[in-house]
Structures are given as C-alpha cells and as structure tokens.
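Asker: quick one: sequence and predicted model below, then my questions.
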Amino acid sequence: MEIKKDDLTGVKVAELIREHLHGMTLNSPPESIHALNIEKLRQPNITFWTAWDGSELAGMGALKELDSSHGEIKSMRTSSSYLRKGVARKLLQHILDEAKNRGYTQLSLETGSMAAFEPARKLYADFGFKDCEPFSDYKEDPNSIYMTKKLG
C-alpha cells in the first residue's frame with residue numbers, strides 16, 4: 001500500500017469524498033456534520049493523503065494545521081472494499097508521523113458519538129487519543145466526541 005499526498009483532482013478521490021459525506025448524513029444530524037467537502041479540503045492549511053493498493057483507492061485522510069503546534073485530523077475514511085484491512089491504521093500512523101515532523105505538540109480530532117463511529121473511536125484510543133473538551137471552533141455537541149493526543 002502506498003500513501004501519497006493528493007491534489008484532490010482524481011475521480012476516485014471525489015467519489016470517496018462523496019461517499020464519506022453521504023455516510024455522515026446517514027449517521028449524524030446536519031448541524032453535527034463537520035466533514036469537509038472537496039473545496040474545503042483544498043485550503044492551504046490542510047494536507048490531504050490517499051492510500052492506494054495499485055490503482056485502487058483504499059482510503060484517505062487529512063491534517064489541518066490549527067496553529068504552529070496543534071493539528072487536527074480530518075476526513076479519515078477507508079474505502080468500503082478495504083474495511084478491516086489496516087488501511088486506517090496506516091493512514092493514521094502516517095498523519096501522526098507528519099504531525100511530529102512538523103513539530104506539533106498536540107493532535108486532535110472530532111468524531112461522532114453514535115454507534116456507527118465506534119470503530120473510529122476505538123482506533124484513535126488504540127493510538128493513545130483521549131477524550132477532551134471541544135477545541136478550535138467546535139462547541140459542545142452530544143453528537144460529537146473530541147479526542148486529543150500529546151505528541152512528544
């Protein structure tokens with residue numbers, strides 16, 4: 001599997017982002033959806049990666065710079081045909097390594113509180129993320145769980 005920085009122009013990438021956004025609408029009320037569309041992922045403070053198995057898109061993930069020491073994980077998604085094959089673990093490790101290389105001391109994320117998001121919450125907890133208060137522009141929301149990890 002190859003993880004590469006992506007320019008968000010490919011058809012397969014656009015399809016996975018659409019799948020991701022649609023999945024959010026199935027599991028979260030509209031006011032609690034914080035997933036980014038393709039245009040918002042193209043912001044200069046966001047780096048976007050895709051994971052490839054040959055010519056097949058296996059997953060995606062992004063890192064948003066909140067400030068010079070704090071990053072946020074965004075748009076983590078595994079293609080449905082690659083679920084439970086370690087794609088998310090590899091992408092998350094890649095993002096953690098990049099955050100450390102950038103000198104970030106903290107990495108945070110928002111995910112859903114519903115049962116559909118349990119696998120994601122477990123993955124983040126396995127990597128040492130702990131529940132925290134809302135960060136950045138987030139507000140208290142019963143449909144969201146906020147997690148953070150100190151980087152050393």
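Answerer: Looks like it came in fine.

Asker: quick one: residue 89 and residue 61, what's the gap?
Answerer: 11 Å (Cβ to Cβ, to the nearest Å). C-betas here are computed from N, CA, C, even on glycine.

Asker: so for the two, which sits in the more crowded spot?
Answerer: The neighbour count for residue 89 versus residue 61, taken as other Cβ atoms under 10 Å, is higher for residue 61 (25 against 13).

Asker: and the gap between the more buried one and residue 139?
Answerer: The spacing between residue 61 and residue 139, counted by Cβ to Cβ, is 24 Å.

Asker: next one: residue 120
Answerer: In this view, residue 120 and residue 139 are 20 Å apart by Cβ to Cβ.

Asker: hmm, who's touching the helix or strand residue 111 falls within?
Answerer: Here residue 111, judged by DSSP states H and E, is contained in strand 106-112. If you take Cβ atoms under 8 Å, 6 or more residues apart in numbering as the criterion, strand 106-112 is touched by 24, 27-28, 32, 34, 66, 69-74, 76, 95-96, 99, 117, 120-121, 124, 129, 132, 134-136, 138, 143-151.

Asker: quick check on residue 102: phi, psi?
Answerer: Main-chain dihedrals, residue 102, degrees, to the nearest 10: phi -80, psi -10.

Asker: is it in contact with residue 71, as I believe?
Answerer: Yes: A contact is recorded between residue 102 and residue 71 when judged using Cβ atoms under 8 Å, the distance being 7.1 Å.

Asker: quick check: neighbours shared by the two?
Answerer: residue 65.

Asker: these two: which is more packed in?
Answerer: With other Cβ under 10 Å as the criterion, residue 102 and residue 71 differ in neighbour count, and residue 71 comes out ahead with 28 against 14.

Asker: gap between residue 37 and residue 14?
Answerer: If you measure residue 37 against residue 14 using Cβ to Cβ, the figure is 10 Å.

Asker: now do the shared contacts for those two.
Answerer: Both residue 37 and residue 14 lack any common contacting residue under the criterion Cβ under 8 Å, 6+ apart.

Asker: the lowest-mean-pLDDT helix or strand in the chain to strand 106-112, inter-axis angle?
Answerer: The weakest-scoring helix or strand in the chain, judged by mean pLDDT, DSSP states H and E, is helix 11-27 (a mean of 94). Using axes from the mean of the first three to the mean of the last three Cα atoms, to 10 degrees, the interaxial angle of helix 11-27 with respect to strand 106-112 works out to 60 degrees.
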